[in-house]
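Enquirer: Structure of the sequence below:
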Amino acid sequence: MQSMTGFGRGAHATEHIVVRVEASSVNRKQGEVHLFMPRNLAELEPRLRKHVLGRITRGRVNINVTLERTGGLGEGVRIDGDKARALKSAFEELSESLGETLSPQAADYLRVPDIFVFSEGSHVEETLEALLPALDEALDNLIEMRTEEGADLRAELERILKTLGELTQEIEDHSPSIVIGHRENLLSRLGDAGLEIDLSDERILKEIALFADRCEITEELTRLKSHFRKFQSYLGVPGVVGRSMDFLCQEINREFNTIGSKANDAVLAQAVVNAKTELEKIREQVQNIE
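Expert: Below is the predicted model:
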């Protein structure tokens, strides 16, 4: 089980190029990949997006790619003259403003975004040779962090699930007393009204039976326990479980709502409120699970 938030870095070098990749992810219902890299690598975007989604199913993943040339530029690569002249002009203006002689160094030119202009097909293979290992390293580190956060989420969910189970047991233990209490209240009201009480009176027995039927919650309790077991099983699954957990939360909430509407009892109503409060904590955590 993984969280959907994390961060990772990766780098790889070839003879002429160093590629650095930063990968971060946040919550999303679907899998999204947003790439931030030099425009001259735009043709690689579909392949890189597919590569990322092959490893991460849910969440928005931001991939930031930077390139550094360390050797010869190779055939088909030139400097963007306009950008180089713009940098030189900026230094000249700064020199005039400060009254000092300043001139750009080679490293200054290399820092200008997209200053290298590549001919079609001249750089793709070499860049890809460095980019994919750097990307995989960043994704490895990202997934490691997501897994660590997933372990923390699992511990918290297990704690809340245990509390939910205890509240459900409290509801189950208390539910028989609801019918008994209604029977006693009914007999008390009849006595206060001065009516003769006959415990074998069919009308009294029918009223008690109807009330017992209306507040019967055995089926809801059985389904709740089944949902809890299913949820617990998801906590040990290494794959994508966030959507399934979210669906189970909706089902659990429905059962508690039904129990609350059936039982006209203050103790049980408070237990239902407490259970729904704990369930909301689970739902908040589930939004961050892949």
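Enquirer: Compute the first-to-last residue distance for stretch 25-40.
Expert: This stretch, stretch 25-40, spans 24 Å end to end (CA to CA, to the nearest Å).
Enquirer: Mind listing what's buried along that stretch?
Expert: Using 16 or more other CB atoms under 10 Å as the test for burial, stretch 25-40 gives 25, 31-33, 35, 37-38, 40. C-beta coordinates here come from the backbone N, C-alpha and C atoms, glycine included.
Enquirer: Pick out the lowest-pLDDT one from those residues.
Expert: Of all the buried residues of stretch 25-40, N40 carries the smallest pLDDT score, 77.
Enquirer: which SSE is H12 in?
Expert: Secondary structure from DSSP states H and E places H12 in strand 6-13.
Enquirer: Check which helices and strands that strand is in contact with.
Expert: Judged by 3 or more CB pairs under 8 Å, 6 or more residues apart in numbering; DSSP states H and E, the packing partners of strand 6-13 are strand 17-26, helix 124-192.
Enquirer: hey, which of these is tucked in deepest?
Expert: strand 17-26 (a mean of 22; mean count of other CB atoms under 10 Å).
Enquirer: now the angle from the strand holding H12 to helix 124-192?
Expert: With axes from the mean of the first three to the mean of the last three CA atoms, to 10 degrees applied, the angle from strand 6-13 to helix 124-192 works out at 170 degrees.
Enquirer: Mind listing the strands strand 6-13 pairs with, and their directions?
Expert: The strands beside strand 6-13 in its sheet (DSSP bridges) come out as strand 17-26 (antiparallel).
Enquirer: what's the offset of the strand it pairs with from the middle of its chain?
Expert: The chain centre lies 21 Å from the centre of strand 17-26; the measure is CA atoms, centre = their mean, to the nearest Å.
Enquirer: which residues touch that strand?
Expert: Contacts to strand 17-26, defined as CB atoms under 8 Å, 6 or more residues apart in numbering, come from residues 4-13, 52, 56, 59-71, 126-127, 130-131, 134-135, 137-139, 141-142, 146.
Enquirer: 7 Å instead?
Expert: 4-12, 56, 59-70, 126-127, 130-131, 134-135, 138-139, 142, 146 (CB atoms under 7 Å, 6 or more residues apart in numbering).
Enquirer: and what of stretch 136-147?
Expert: Applying CB under 7 Å, 6+ apart, the contact partners of stretch 136-147 are 2-4, 6-10, 21-23, 25, 52, 55, 290.
Enquirer: Just the buried ones out of those, please.
Expert: Buried members of the contacts of stretch 136-147, scored by 16+ other CB under 10 Å, are 2-4, 6, 8, 10, 21-23, 25, 52, 290.
Enquirer: Would you reformat these as CSV and include distance to I259?
Expert: CSV is the format used below for the buried ones among the contacts of stretch 136-147 (distance: CB to CB, whole Å):
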residue, distance to I259
Q2, 33
S3, 32
M4, 32
G6, 38
G8, 45
G10, 51
V21, 51
E22, 49
A23, 45
S25, 38
V52, 44
E290, 31
